[in-house]
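# dropping the sequence and predicted coords here.
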Amino acid sequence: MEYIGLNPVCLEDGHCVTTLVWQPELTNSRGDIHGGTVMSAIDFTMSAAARSHDRDRLGAVTMDMTTHFYDPARSMLTIDARCVRRGRSLAFCEADVRDEAGVVVVAARGIFRLIAMHDKAR
């Protein structure tokens with residue numbers, strides 16, 4: 001996430017917030033932040049929320065992610081992710097992406113498989 005400039009803001013049990021600064025290298029031909037870049041930022045932020053209760057021992061693997069683009073992303077973005085339900089091996093998360101004016105430009109939901117860190121190579 002360092003490559004795209006994703007910045008951590010907050011990480012607590014069940015909640016993670018990051019910001020993504022608009023950069024010309026991240027845009028599509030219209031000058032909007034590319035959808036794939038936004039999805040990468042959302043995926044990372046939701047996965048952090050999914051494993052936030054035990055982040056030193058657990059990793060998270062994305063099993064499913066649904067993304068809804070409402071408006072173009074043309075400014076700095078704030079990604080606010082919440083883990084809405086967590087079981088022993090699965091976590092269900094939601095995220096809103098807001099532009100600098102506070103408008104929700106993207107919304108997403110994801111399901112993550114929680115894995116012990118030593119299982120990451122599987």
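Cool, the structure landed. Numbering: from 1, shown residues only.
# for the helix or strand residue 9 falls within, buried residues please.
Using DSSP states H and E, residue 9 maps to strand 6-12. Using 16 or more other Cβ atoms under 10 Å as the test for burial, strand 6-12 gives 6, 11. In this view, the C-beta of every residue, glycine as well, is placed from N, C-alpha and C.
# so residue 105, which of the three states?
Put simply, residue 105 is strand when judged by DSSP: H, G, I helix; E, B strand; the rest coil.
# got a list of what the closest residue to it other than its chain neighbours touches?
Nearest in space to residue 105, with sequence neighbours left out and distances taken as Cβ to Cβ, 6 or more residues apart in numbering, is residue 71 at 4.4 Å. Contacts for residue 71 (Cβ atoms under 8 Å, 6 or more residues apart in numbering) come out as 99, 103, 105.
# from residue 32, how far off is the nearest residue to the second one once chain neighbours are set aside?
With sequence-adjacent residues excluded and distances taken as Cβ to Cβ, 6+ apart, residue 103 is closest to residue 71, at 6.6 Å. Counting by Cβ to Cβ, to the nearest Å, the gap between residue 71 and residue 32 amounts to 9 Å.
# residues in contact with the residue nearest to residue 28 when sequence neighbours are not counted?
Leaving aside its sequence neighbours, residue 28 sits nearest to residue 34 (Cβ to Cβ, 6+ apart; 4.7 Å). Residues near residue 34 by Cβ under 8 Å, 6+ apart: 26-28.
# just to revisit the earlier point, which outside residues touch the strand holding residue 9?
16-21, 41, 44-45, 48-49, 52, 55, 78.
# repeat that for 10 Å
1, 16-21, 37, 40-41, 44-45, 48-49, 51-53, 55, 76-81 (Cβ atoms under 10 Å, 6 or more residues apart in numbering).
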